[in-house]
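S.K.: Fold the following for me, if possible:
(chains A and B)
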Number of protein chains: 2
Amino acid sequence: MKQSQLFTKTKKTISEQEPSINAQLLERAGFVSKLMSGVYSYLPLGLRVLTKIENIVRQEMNKLAGQEILMSGLQPKENWLQTQRWDKVDILFKLKGAGDRDLALGPTHEEIITPLVGQYIQSYKDLPQYVYQIQTKFRNEARAKSGLLRGREFRMKDLYSFHTNEKDLDEYYDKVITTYLRIFERCGLGELTYLTFASGGIFSKYSHEFQTVTQYGEDIVHVCLKCKIAINKEIIADQSSCPVCGNQDLKEEKAIEVGNIFKLMQRFSDAFSLAFTDKEGKQQPVVMGCYGLGTSRLMGSIVEILHDEKGIIWPKEVAPFHVHLISLAREEAEIEKAEQLYLDLQRVGIEVLYDDRAGVQAGQKFADSDLIGIPLRIVISAKTLAQNSVEVKERAKSTAELIEIDKLVEFINRD
Amino acid sequence: MKQSQLFTKTKKTISEQEPSINAQLLERAGFVSKLMSGVYSYLPLGLRVLTKIENIVRQEMNKLAGQEILMSGLQPKENWLQTQRWDKVDILFKLKGAGDRDLALGPTHEEIITPLVGQYIQSYKDLPQYVYQIQTKFRNEARAKSGLLRGREFRMKDLYSFHTNEKDLDEYYDKVITTYLRIFERCGLGELTYLTFASGGIFSKYSHEFQTVTQYGEDIVHVCLKCKIAINKEIIADQSSCPVCGNQDLKEEKAIEVGNIFKLMQRFSDAFSLAFTDKEGKQQPVVMGCYGLGTSRLMGSIVEILHDEKGIIWPKEVAPFHVHLISLAREEAEIEKAEQLYLDLQRVGIEVLYDDRAGVQAGQKFADSDLIGIPLRIVISAKTLAQNSVEVKERAKSTAELIEIDKLVEFINRD
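M.R.: Numbering: from 1, shown residues only, chains lettered A, B, ... in the order given. As a prediction, the model looks like this:
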């Protein structure tokens, strides 16, 4: 993409009412625009990142045999009455539809997926099933001042699993844990993200969260560095040692919750009479699990953690482009070479943001590039062209090197 | 995908309260599930079709230099007051957010895109711009009994263009018309879809719709068969001859509106003071166009038109799979050959729904296949294997032929 055509521009400052780092950087760099607290538009650069995150999640869900569907935001009150949650969930947006019908905007979809899947499950032969969606969710938060971390409207992946028995659920649940850790690894947060034991509510001993350690976190966890797991502070009174190894030397850290998973057991099957006929011909309740991962929240978390004073530092797999090609060319012949390089890189499948803007100073181009945070910066100028080269610098490093243009593709693809 | 694992099953009948053909067939075949009037869940087969339609639209928008973004469903009342539409748009869903704030659920996004793009437009050098999204829209329809044709929640592509002058808008608008006709062609409705002159409101002589002729249509148009254009009945009193060739011999037809485009001119620029500095340094209003295309409505329209008494007949580019491989194998060795063929076809990039269900009669498999409507049916059985062949039948044709397994890929890719 040519930067001269991109409709967004970087901003020097944005409103000081926006204290969170992720919102500041994402809005200044032109990834998102705030419409109101907790509600954002995703602009071209931002939608590219969000789509890459969602495609990683989609790939990993498909590997788990997940079948993708798309449910609605609008949900009938009756379904929420059936689980006795209409009056209990305080962040539920409520509205009236035609014919004075009471509706909610879905913050989660247990009330919809359970009867939906129930249409197709009769016998034990129809189980297990794994169904997920990547979709827009709504939560009427009292306060929403953390940018993409706490949205009133946000993007989320929710997977639901349906089993004949608890053992089958347990096995799948463990596979999902492994998959989640791989997703956070691929999104650049692997080393800082811990499987975290949290309150299980009334159905299980624990639920599990995935908490990413950062000084900017809103949650507090106690980390066991031996086992690489954590315990949410909310249950530390009941569980003050590592539930895996018994280690009592835990480290208190601030963290952001980037995912959470629950064994729902029969909570929703009971409410909607979701049952199957077993091998003996008896009716049995379906056992369920649910697995949430906020994709826009993950995008915000990446920025909250991976940045420096100049801007964002995107991990490779989720960066809006692989390469930021910056032209400082002035003469016609130099400009032609820059254009050619832009086309050549794209031809071999390298995604390029090409800063072809005329009349913008080098210093401004470099500052914009650092703010936007594409992993590899490539500068082409009269000086580098005199050596048939370009200057290459990783966003995360301070040193640059000259690379011959003929060897550039090989260099970019070296890992 | 193995059909034995697909969580949906076909249904013999659905509620008679659902009179529309598209909803009947899509729900019976397992593409969608109705949650309430005008609100549907897209199940695995249905989401595959919707995604294919949306990817066609995305490709074509990108060719028009459109930059993709994603705006929110939640919209603040203030924006609708600024265009004086808060009390005028009767299908607007209204709700209260935290702090008693009045919100709408977006049925369209002029109120959001205009100030959003305004953040980045200062000079004539920043224009033109073309920005689109593919997103979920909400309309509080009094009645919604046409399946995917009239949704309370539905999927839509909306493109907005921003220009320095009317001539530039006119040129882009004409390009969009060509693009829209290509989209409907690719979705299998090319021959039946007409550029249609409709009421322009107070800003232009005409707006334009794209109307697909079918006996099941809700609109009435008058078609000029010479020019391949139509006139919406709503303006036939003002315009009773073909506006292109003057032909008065027009044919009245029922039709479904599958797209509509407007020259908005300064209607929204004025409301939000969206202006640019021209070459002489003077402030000028930005001239706008908007271009809608309901992707879920298009999916419903395709079914409404392309079906027979047995089920849906998907056009190739939007079919959930390219091939429906039906195994009637019973012996172990035959089953292995069917599995191998399933893997081989996928390996060369052919999308296969593989009916591997054990214990389901051939008649039921054929009926399901006709209902689901994948373009090519391939039957593998002891009988066909005796000739090292499979039986191939196009969904739209009544005759089948034997094709040697070695030549099958070539046959499938023949066009």
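S.K.: Excluding covalently adjacent residues, which one is nearest to residue A:350?
M.R.: Excluding the flanking residues, the one nearest residue A:350 by CB to CB, 6 or more residues apart in numbering or on different chains is residue A:322, at 5.2 Å. For the C-beta atoms, the positions are set from N, CA and C on the backbone; glycine is no exception.
S.K.: what's the burial count for the one you found?
M.R.: Residues contacting residue A:322 under the criterion other CB atoms under 10 Å in any protein chain shown number 18.
S.K.: Where does the stretch 151-300 of chain A get nearest to chain B, which residue?
M.R.: For the stretch 151-300 of chain A and chain B, the shortest gap (CB to the nearest CB) falls at residue A:153, measuring 4.9 Å.
S.K.: Report whether the expected contact of residue A:113 with residue A:71 is present.
M.R.: Yes - applying CB atoms under 8 Å, one finds residue A:113 in contact with residue A:71, separated by 6.8 Å.
S.K.: out of those two, which sits in the more crowded spot?
M.R.: Ranked by neighbour count (other CB under 10 Å), residue A:113 and residue A:71 place residue A:113 first, with 25 against 22.
S.K.: Can I take it that the more buried one is in a helix?
M.R.: Yes - Residue A:113 sits within a helix when classified using DSSP: H, G, I helix; E, B strand; the rest coil.
S.K.: Next one: it from residue A:161, what distance?
M.R.: Residue A:113 is 10 Å from residue A:161, where distance means CB to CB, to the nearest Å.
S.K.: list residues touching both of those two?
M.R.: Counting by CB atoms under 8 Å, 6 or more residues apart in numbering or on different chains, the contacts common to residue A:113 and residue A:161 are residue A:131.
S.K.: Adjacent strands (with direction) for the longest strand belonging to chain A?
M.R.: If you go by DSSP state E, chain A has its longest strand at strand A:251-265. Sheet pairing for strand A:251-265, assigned by DSSP bridges, gives strand A:206-213 (antiparallel), strand A:219-224 (antiparallel), strand A:287-293 (antiparallel).
S.K.: Count residues in the vicinity of residue A:247, would you?
M.R.: Residue A:247 has 14 neighbours, counted by other CB under 10 Å.
S.K.: and it, helix, strand or coil?
M.R.: coil.
S.K.: Now it, what are its backbone angles?
M.R.: phi -50, psi 130 (degrees, to the nearest 10).
S.K.: Wait, it touches residue A:224, no?
M.R.: Yes - counting by CB under 8 Å, residue A:247 touches residue A:224, with 5.1 Å between them.
S.K.: Now tabulate the strands paired with strand A:251-265 in a markdown table and tack on mean neighbour count.
M.R.: Formatted as a markdown table, the strands paired with strand A:251-265 follow (neighbours: other CB atoms under 10 Å in any protein chain shown):
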| stretch | mean neighbour count |
| --- | --- |
| strand A:206-213 | 24 |
| strand A:219-224 | 21 |
| strand A:287-293 | 24 |
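S.K.: In TSV: those strands, plus mean pLDDT and distance to residue B:105.
M.R.: TSV is the format used below for the strands paired with strand A:251-265 (pLDDT from 0 to 100; distance: least, CB to CB, whole Å):
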stretch	mean pLDDT	distance to residue B:105
strand A:206-213	94	31
strand A:219-224	96	31
strand A:287-293	98	23
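S.K.: And the average pLDDT for stretch A:64-77 is what?
M.R.: Stretch A:64-77 carries an average pLDDT of 98.
S.K.: Using CSV, list the CA coordinates for it.
M.R.: Only the C-alpha atoms of stretch A:64-77 are listed here, as CSV (Å, rounded to 0.1, in the frame of the first residue of the first chain):
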residue,chain,number,x,y,z
LEU,A,64,-9.2,-28.2,17.3
ALA,A,65,-11.9,-29.5,14.9
GLY,A,66,-13.9,-26.3,15.6
GLN,A,67,-16.7,-25.6,13.2
GLU,A,68,-17.1,-21.9,12.5
ILE,A,69,-20.5,-20.2,12.6
LEU,A,70,-21.8,-16.6,13.1
MET,A,71,-24.5,-15.9,15.6
SER,A,72,-26.4,-12.6,16.0
GLY,A,73,-25.9,-9.7,18.3
LEU,A,74,-29.6,-9.4,19.0
GLN,A,75,-30.9,-12.0,21.5
PRO,A,76,-34.4,-12.5,22.7
LYS,A,77,-35.2,-11.9,26.4
